[in-house]
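Enquirer: My questions are about this predicted structure, shown below with the sequence.
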Amino acid sequence: MVRIDMKFNGKRITSSQQLEREMKRSFEKTIEQGIRRAAGPGVRMKKTRNGFDAEGSPEQIERMKRRLR
């Protein structure tokens, strides 16, 4: 068995399952930050179990869609 000993985002990783979990968490956080940044002022983002819901005027929603492309 191979032993892993590394640091990822300041956390010490000792197993492949832990590395997988931390990488998944990091990717999800990065994607969520990108979506929230694209929303901009005036658009309210809600995280639901099915994804994200955006609330705002139609113009603001269109602007957000363009930023995400």
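Expert: Cool, got the structure.
Enquirer: Confirm that Ser26 sits in a strand.
Expert: No - judged by DSSP: H, G, I helix; E, B strand; the rest coil, Ser26 forms no part of a strand; its state is helix.
Enquirer: And for it, the neighbour number?
Expert: Residues lying near Ser26 (other Cβ atoms under 10 Å) number 12. C-beta coordinates here come from the backbone N, C-alpha and C atoms, glycine included.
Enquirer: check contacts around it.
Expert: Residues near Ser26 by Cβ atoms under 8 Å, 6 or more residues apart in numbering: Phe8, Asn9.
Enquirer: Sketch out the helices for the chain, chain order is fine.
Expert: Remark: helices assigned in the chain by DSSP state H are 16-39, 58-68.
Enquirer: The last one to helix 16-39, inter-axis angle?
Expert: Read it as helix 58-68. 130 degrees (axes from the mean of the first three to the mean of the last three Cα atoms, to 10 degrees).
Enquirer: pull the CA atoms of helix 58-68 into PDB?
Expert: Provided in PDB are the C-alpha atoms of helix 58-68 (Å, rounded to 0.1, in the frame of the first residue of the first chain):
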ATOM      1  CA  PRO A  58     -34.600  40.500 -16.400                       C
ATOM      2  CA  GLU A  59     -31.800  42.800 -17.400                       C
ATOM      3  CA  GLN A  60     -29.700  41.800 -14.400                       C
ATOM      4  CA  ILE A  61     -30.200  38.100 -15.100                       C
ATOM      5  CA  GLU A  62     -29.200  38.600 -18.800                       C
ATOM      6  CA  ARG A  63     -26.000  40.400 -17.700                       C
ATOM      7  CA  MET A  64     -25.200  37.600 -15.300                       C
ATOM      8  CA  LYS A  65     -25.700  35.000 -18.100                       C
ATOM      9  CA  ARG A  66     -23.300  36.900 -20.400                       C
ATOM     10  CA  ARG A  67     -20.700  37.000 -17.600                       C
ATOM     11  CA  LEU A  68     -20.900  33.300 -17.100                       C
END
